[in-house]
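Asker: sequence unknown, structure follows:
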Ligand SMILES: Nc1ncnc2c1ncn2[C@@H]1O[C@H](COP(=O)(O)OP(=O)(O)OP(=O)(O)O)[C@@H](O)[C@H]1O
Ligand SMILES: [Mg+2]
C-alpha cells in the first residue's frame with residue numbers, strides 16, 4: 001500500500017554541503033522526496049541528519065547546494081519562508097510554552113489583526129477539525145504542562161499542520177514516546193500520507209523504518225551512502241550500511257557470579273508531583289555482579305523510584321541501604337559519595353551543562369578532585385587528557401573536547417554523560433533509558449559497557465521501556481506495576497508474553 005505520487009517531486013536537495021567552521025557536517029548530499037512518501041533518514045549519531053533538515057527548514061543556510069520545492073528552485077532564508085512553502089518541522093526537543101493551552105500554542109505567533117479573543121474561539125474549532133481529520137486527538141483547552149509528552153508531540157504536529165504544512169519533518173519523534181504512543185504515531189503518519197502529506201522522518205529504530213517508510217536515505221559522516229527501497233531491504237542491511245560494519249544485536253555475556261547485596265530497597269513509599277503514592281511499598285535487592293532490569297509500562301513509578309534513589313525526591317517511608325549503609329533521603333551528593341552513579345532519563349535537564357565544553361561536562365562531579373584540581377587550582381592538562389581518552393573510548397564525535405555541549409548532536413550528548421558516569425566506577429550504576437536516541441552501533445557499545453561493569457563485580461540497575469533491551473541485557477528482570485514489584489524472573493526464562501502479562505498487573509508475587 002503506497003500513497004506516493006511519483007510525478008510530483010516535492011523536495012529536492014541537490015549537492016547540499018554545510019560547514020561549521022572547517023568541520024563539514026553535510027558533504028554534497030542529494031535527497032529527493034515525492035508527494036505522499038514517507039522518507040526515512042538513517043545515520044549514526046552525529047552523521048548530519050538534523051543539520052540537513054535544519055537546512056531544509058531554513059534554520060541554517062547551506063554552504064553550497066540548491067533546494068527545489070515542488071520543482072521550483074527556492075532559497076529558504078528562515079523558517080518563516082519554509083512555513084510559507086509548506087514545510088513544517090517537529091524538533092528533537094519540543095518548543096512549546098508550558099503554561100499556555102494547546103490552542104494558544106498552536107496559534108502562537110499567528111494571531112491576526114482581529115484580536116486574540118476572537119481568534120481563540122476559531123482556533124479551538126480549527127484545532128478540533130484538524131484533530132479529527134488526522135486522528136490527532138488532543139484537548140485544545142488543556143495546558144501543555146498538564147499533558148503527556150506524546151500529547152505535546154501531537155500539538156507540535158498540529159501546529160505545523162495549522163500553518164499549512166504539506167511536508168512534515170519529524171526529528172526522532174519516537175525517542176521520547178512509550179511503545180503505545182509509538183503505535184499511535186505510526187497510525188497518524190499513515191493517515192497523513194493517505195491525505196497527500198509528505199513525511200521525512202529521522203529515527204534510529206530500524207523496526208520503525210520498516211513499519212513506516214517507503215524509502216530510506218543513509219548518511220554516514222556527512223555523506224549520503226545510499227537511498228534504498230525499504231520493502232526490499234532488511235534491518236541488518238540498513239544497520240551495516242549505516243555504520244559500515246556488521247552490527248551485533250545480541251549481547252554476549254558470560255555466566256554471572258553471585259555477589260553480595262549492593263542496594264537494598266525496603267518497603268519504599270514515594271509520592272509523585274500530585275501527592276499520590278507513585279512508589280507504593282516497593283522492595284527490591286540488587287546484587288553486585290548482576291544487571292537487574294526493571295520492566296514496566298511508563299508511569300508505574302519508575303521515574304519517582306529513580307529520583308528517590310538519586311536523592312532528588314523525598315522518601316515518605318521505607319528505607320534504602322547501599323552497601324549496608326542507610327542512604328534514605330540523602331542528598332544527591334551524598335548518594336554519589338556512597339558510590340551510586342545515575343545516567344538520568346532527562347539528559348538535557350539533568351545531565352549536561354549545555355554552555356560548558358565537553359571536557360568540563362566530563363568532570364562535572366569530580367572537578368574538585370585530583371588529578372583534575374590540585375590545591376583548588378584546576379589542571380587543564382589533566383582534564384584535557386582525561387576527556388580525550390573518554391572521547392576515544394566512547395567514540396564521541398567530533399573528537400574535540402573543547403566544543404560546547406550544545407553543539408553536539410543529540411546522541412553524542414548522551415555518550416558524554418554515559419562515559420562520565422561509567423568512568424566514575426560506581427558500585428551501583430543506575431541507567432535510565434540509557435540508549436534512547438542512540439544509533440545501533442552506539443547501543444551495542446553502551447550495552448557492552450553495562451556488561452563490563454557487571455563483570456567487574458558492580459551492580460547495574462537498568463530501567464528501560466524497551467522490552468527487547470531489558471531481555472537482551474539483564475540477568476534478572478523485575479516487573480513494576482502501580483509502584484510495586486509484582487514479580488522477578490530470570491532473564492533466561494523471560495519472554496515477551498510473560499513479561500507483558502506481568503506488566504499489565506497479572507504477575508505472581510516476588511521471588
Ligand atoms: N551549531 C553547530 N556548530 C558546530 N558544530 C555543529 C553544530 N550543529 C551540529 N554540529 C556538528 O555537526 C555534526 C552533525 O550533527 P547533527 O546534529 O546533524 O547529527 P545527527 O545526525 O542529527 O545526530 P543524532 O543522531 O545524534 O541526533 C555533529 O558532529 C555536530 O557536532
Ligand atoms: Mg539529530
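Answerer: In hand now; what should we look at? All of these numbers come straight from a predicted model, not from anything done at the bench. Ligands and ions are numbered 1, 2, ... in the order given.
Asker: Tell me who's in contact with the residue of the stretch 1-150 of the chain found nearest ligand 2.
Answerer: The nearest approach of the stretch 1-150 of the chain to ligand 2 comes at residue 50, 3.2 Å away (Cβ to the ion). Backbone N, C-alpha and C define where each C-beta goes, glycine included. By Cβ atoms under 8 Å, 6 or more residues apart in numbering, residue 50 lies in contact with 92, 171, 202, 409-410.
Asker: Switch those residues over to JSON lines; also include neighbour count and distance to residue 397.
Answerer: Below are these laid out as JSON lines (neighbours: other Cβ atoms under 10 Å; distance: Cβ to Cβ, whole Å):
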{"residue": "92", "neighbour count": "19", "distance to residue 397": "17"}
{"residue": "171", "neighbour count": "21", "distance to residue 397": "18"}
{"residue": "202", "neighbour count": "23", "distance to residue 397": "17"}
{"residue": "409", "neighbour count": "24", "distance to residue 397": "8"}
{"residue": "410", "neighbour count": "22", "distance to residue 397": "12"}
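Asker: which of those come close to ligand 1?
Answerer: Applying Cβ under 6 Å from any ligand atom to these, one finds that 409-410 fall near ligand 1.
Asker: could the contacts of residue 50 go into CSV alongside distance to ligand 2 and secondary structure?
Answerer: Shown next, in CSV, are the contacts of residue 50 (distance: Cβ to the ion, whole Å; DSSP: H, G, I helix; E, B strand; the rest coil):
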residue, distance to ligand 2, secondary structure
92, 6, coil
171, 6, strand
202, 6, strand
409, 5, coil
410, 5, helix
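Asker: May I ask which helix or strand encompasses the residue nearest to residue 137 when sequence neighbours are not counted?
Answerer: With Cβ to Cβ, 6 or more residues apart in numbering as the criterion, residue 137 has its nearest non-adjacent residue at 5.5 Å, and that residue is residue 131. Taking DSSP states H and E as the definition, residue 131 sits inside helix 116-134.
Asker: who does that helix touch, helix- and strand-wise?
Answerer: helix 102-107, helix 149-162, helix 179-194 (3 or more Cβ pairs under 8 Å, 6 or more residues apart in numbering; DSSP states H and E).
Asker: where does the stretch 251-400 of the chain dip in pLDDT?
Answerer: In the predicted model of the stretch 251-400 of the chain, residues 347-349 satisfy pLDDT under 70.
Asker: can you tell me how far whichever residue of it sits closest to ligand 2 sits from residue 419?
Answerer: In the stretch 251-400 of the chain, the residue that lies nearest ligand 2 is residue 397 (12.2 Å; Cβ to the ion). Applying Cβ to Cβ, to the nearest Å, the value for residue 397 to residue 419 is 13 Å.
Asker: For those two, indicate the residue with more neighbours.
Answerer: Counted by other Cβ atoms under 10 Å, residue 397 and residue 419 do not tie: residue 419 has more neighbours, with 23 against 18.
Asker: Distance check, the more buried one against ligand 1.
Answerer: Plainly put, residue 419 is 15 Å away from ligand 1 if you go by Cβ to the nearest ligand atom, to the nearest Å.
Asker: what do you get for residue 411?
Answerer: Applying Cβ to the nearest ligand atom, the value for residue 411 to ligand 1 is 3 Å.
Asker: That residue falls within a strand, correct?
Answerer: No - with DSSP: H, G, I helix; E, B strand; the rest coil as the criterion, residue 411 is helix rather than part of a strand.
Asker: which is the next helix or strand following the helix or strand that contains residue 446?
Answerer: Per DSSP H and E, residue 446 falls inside helix 440-455. As assigned by DSSP H and E, the chain's next helix or strand after helix 440-455 is strand 459-463.
Asker: Quick check: mean pLDDT of that following strand?
Answerer: The average pLDDT for strand 459-463 rounds to 97.
Asker: List the contacts of the following helix or strand past it.
Answerer: Next helix or strand after strand 459-463 toward the C-terminus (DSSP H and E): helix 467-473. Helix 467-473 is contacted from outside by 249-251, 291, 293-295, 435, 447, 450-451, 462, 464, 477, 491, 494-496, 499-500, using Cβ under 8 Å, 6+ apart.
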